[in-house]
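Peer 1: Take a look and give me a structure for this.
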Amino acid sequence: MADKKIVAPSQKILTKSEGEEIVQKFQQMRNEQRSLMAKITELEQDLNEHKIVIETLQDVSPDRKCFRMVGGVLVERTVMEVLPALQNNKEQLTKVIDSLNSKLVSKGKEVNEFRAKHNIKIRGQEDIKEPQQSDSTTGTQGVLVSNKS
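Peer 2: Prediction:
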(Lines give C-alpha, C1' and ligand atoms only; values in the text may rest on other atoms or scores of the structure.)
Protein backbone atom coordinates (compact mmCIF):
# COMPACT_ATOMS: atom_id res chain seq x y z
CA MET A 1 0.00 0.00 0.00
CA ALA A 2 1.23 3.55 -0.61
CA ASP A 3 3.05 5.29 2.23
CA LYS A 4 1.49 8.30 3.86
CA LYS A 5 3.02 11.50 5.26
CA ILE A 6 1.23 12.80 8.29
CA VAL A 7 1.31 16.46 9.18
CA ALA A 8 -1.50 18.14 11.09
CA PRO A 9 -3.19 21.19 9.54
CA SER A 10 -1.43 23.39 12.09
CA GLN A 11 1.87 21.89 10.82
CA LYS A 12 2.78 20.58 14.27
CA ILE A 13 4.57 17.26 14.37
CA LEU A 14 2.37 14.47 15.69
CA THR A 15 3.55 11.81 18.06
CA LYS A 16 4.10 8.41 16.53
CA SER A 17 0.99 6.94 18.19
CA GLU A 18 -1.21 9.84 17.05
CA GLY A 19 0.12 9.50 13.52
CA GLU A 20 -0.49 5.76 13.52
CA GLU A 21 -4.05 6.30 14.77
CA ILE A 22 -4.75 8.74 11.96
CA VAL A 23 -3.29 6.38 9.36
CA GLN A 24 -5.28 3.44 10.75
CA LYS A 25 -8.49 5.48 10.70
CA PHE A 26 -7.77 6.57 7.13
CA GLN A 27 -7.04 3.01 6.02
CA GLN A 28 -10.20 1.78 7.74
CA MET A 29 -12.26 4.38 5.90
CA ARG A 30 -10.64 3.43 2.57
CA ASN A 31 -11.30 -0.27 3.25
CA GLU A 32 -14.96 0.50 3.97
CA GLN A 33 -15.10 2.38 0.68
CA ARG A 34 -13.55 -0.57 -1.17
CA SER A 35 -15.95 -3.06 0.42
CA LEU A 36 -18.92 -0.89 -0.61
CA MET A 37 -17.59 -0.84 -4.17
CA ALA A 38 -17.12 -4.62 -4.17
CA LYS A 39 -20.68 -5.15 -2.93
CA ILE A 40 -22.05 -2.79 -5.59
CA THR A 41 -20.15 -4.67 -8.29
CA GLU A 42 -21.47 -8.01 -7.04
CA LEU A 43 -25.06 -6.76 -6.96
CA GLU A 44 -24.74 -5.23 -10.44
CA GLN A 45 -23.65 -8.61 -11.76
CA ASP A 46 -26.68 -10.22 -10.11
CA LEU A 47 -28.90 -7.53 -11.63
CA ASN A 48 -27.50 -8.20 -15.11
CA GLU A 49 -28.14 -11.93 -14.66
CA HIS A 50 -31.72 -11.19 -13.60
CA LYS A 51 -32.22 -9.01 -16.70
CA ILE A 52 -30.95 -11.78 -18.99
CA VAL A 53 -33.21 -14.41 -17.40
CA ILE A 54 -36.25 -12.09 -17.49
CA GLU A 55 -35.66 -11.31 -21.19
CA THR A 56 -35.36 -15.02 -21.92
CA LEU A 57 -38.48 -16.01 -19.99
CA GLN A 58 -40.66 -13.30 -21.56
CA ASP A 59 -40.36 -15.04 -24.93
CA VAL A 60 -41.47 -18.39 -23.49
CA SER A 61 -44.96 -19.79 -22.93
CA PRO A 62 -46.24 -18.99 -19.39
CA ASP A 63 -47.16 -22.65 -18.81
CA ARG A 64 -43.69 -23.96 -19.62
CA LYS A 65 -41.72 -25.64 -16.85
CA CYS A 66 -38.66 -23.92 -15.46
CA PHE A 67 -36.42 -24.46 -12.48
CA ARG A 68 -35.47 -21.99 -9.79
CA MET A 69 -32.77 -22.28 -7.15
CA VAL A 70 -34.29 -21.74 -3.70
CA GLY A 71 -31.92 -22.11 -0.77
CA GLY A 72 -29.55 -24.36 -2.70
CA VAL A 73 -32.36 -26.61 -3.97
CA LEU A 74 -33.73 -26.62 -7.51
CA VAL A 75 -37.51 -26.23 -7.44
CA GLU A 76 -39.74 -26.92 -10.44
CA ARG A 77 -42.12 -24.07 -11.25
CA THR A 78 -43.80 -22.55 -14.27
CA VAL A 79 -42.65 -19.41 -16.05
CA MET A 80 -45.86 -17.73 -14.89
CA GLU A 81 -44.84 -18.31 -11.23
CA VAL A 82 -41.15 -17.44 -11.58
CA LEU A 83 -41.28 -14.31 -13.76
CA PRO A 84 -43.05 -12.01 -11.24
CA ALA A 85 -40.62 -13.06 -8.49
CA LEU A 86 -37.64 -12.33 -10.76
CA GLN A 87 -39.02 -8.92 -11.68
CA ASN A 88 -39.57 -8.10 -8.00
CA ASN A 89 -36.01 -9.22 -7.17
CA LYS A 90 -34.70 -7.04 -10.01
CA GLU A 91 -36.51 -3.98 -8.63
CA GLN A 92 -35.19 -4.66 -5.13
CA LEU A 93 -31.64 -5.07 -6.44
CA THR A 94 -31.93 -1.73 -8.23
CA LYS A 95 -33.03 -0.01 -5.02
CA VAL A 96 -30.21 -1.58 -3.00
CA ILE A 97 -27.62 -0.61 -5.63
CA ASP A 98 -28.88 3.00 -5.61
CA SER A 99 -28.70 3.06 -1.82
CA LEU A 100 -25.16 1.66 -1.80
CA ASN A 101 -24.09 4.15 -4.49
CA SER A 102 -25.27 7.05 -2.32
CA LYS A 103 -23.41 5.55 0.66
CA LEU A 104 -20.30 5.23 -1.50
CA VAL A 105 -20.50 8.90 -2.51
CA SER A 106 -20.90 10.03 1.10
CA LYS A 107 -18.03 7.75 2.20
CA GLY A 108 -15.85 9.25 -0.54
CA LYS A 109 -16.63 12.77 0.70
CA GLU A 110 -15.89 11.66 4.27
CA VAL A 111 -12.53 10.17 3.21
CA ASN A 112 -11.59 13.33 1.30
CA GLU A 113 -12.54 15.57 4.23
CA PHE A 114 -10.52 13.41 6.63
CA ARG A 115 -7.60 13.46 4.21
CA ALA A 116 -7.73 17.25 3.90
CA LYS A 117 -8.20 17.76 7.65
CA HIS A 118 -5.13 15.70 8.52
CA ASN A 119 -3.15 16.70 5.42
CA ILE A 120 -2.64 13.10 4.34
CA LYS A 121 -0.73 12.77 1.09
CA ILE A 122 -0.28 9.51 -0.74
CA ARG A 123 3.27 9.39 -2.04
CA GLY A 124 2.40 7.50 -5.20
CA GLN A 125 0.12 10.31 -6.36
CA GLU A 126 2.76 12.99 -5.82
CA ASP A 127 5.31 11.02 -7.86
CA ILE A 128 2.87 10.71 -10.76
CA LYS A 129 1.97 14.42 -10.87
CA GLU A 130 5.53 15.76 -10.98
CA PRO A 131 6.70 14.06 -14.23
CA GLN A 132 3.55 15.13 -16.07
CA GLN A 133 4.26 18.78 -15.30
CA SER A 134 7.87 18.56 -16.49
CA ASP A 135 6.82 16.81 -19.74
CA SER A 136 4.54 19.71 -20.68
CA THR A 137 7.51 22.11 -20.93
CA THR A 138 9.35 19.91 -23.42
CA GLY A 139 6.82 19.50 -26.18
CA THR A 140 9.09 17.83 -28.78
CA GLN A 141 10.75 15.32 -26.50
CA GLY A 142 10.70 11.84 -28.02
CA VAL A 143 9.91 13.05 -31.56
CA LEU A 144 12.19 12.02 -34.43
CA VAL A 145 12.47 14.38 -37.37
CA SER A 146 14.19 13.46 -40.62
CA ASN A 147 15.96 16.20 -42.59
CA LYS A 148 16.32 14.11 -45.76
CA SER A 149 14.56 15.44 -48.84
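Peer 1: Show me where the protein has its helices.
Peer 2: 16-58, 79-117, 123-137 (DSSP state H).
Peer 1: Among these, which comes closest to Phe67?
Peer 2: Minimum separation from Phe67 across the helices of the chain (C-beta to C-beta) falls at helix 79-117, 8.7 Å. Glycine gets a C-beta too; all of them are placed from N, C-alpha and C.
Peer 1: what helices or strands is the closest one leaning on?
Peer 2: Identification of packing neighbours for helix 79-117 by 3 or more C-beta pairs under 8 Å, 6 or more residues apart in numbering; DSSP states H and E yields helix 16-58, strand 65-70.
Peer 1: Run through this structure and note the low-pLDDT ranges.
Peer 2: 1-12, 125-149 (pLDDT under 70).
Peer 1: Now the residue nearest the centre of it: closest residue in space, sequence neighbours ignored.
Peer 2: Among the residues of the chain, the one closest to the centroid is Met37, at 3.2 Å (C-alpha atoms, centre = their mean). Leaving aside its sequence neighbours, Met37 sits nearest to Leu104 (C-beta to C-beta, 6 or more residues apart in numbering; 6.4 Å).
Peer 1: separation between the residue nearest to the centre of the chain and Leu100?
Peer 2: Distance, Met37 to Leu100, using C-beta to C-beta, to the nearest Å: 9 Å.
Peer 1: And Gly71, by the same measure?
Peer 2: For Gly71, the distance to Leu100 (C-beta to C-beta) stands at 24 Å.
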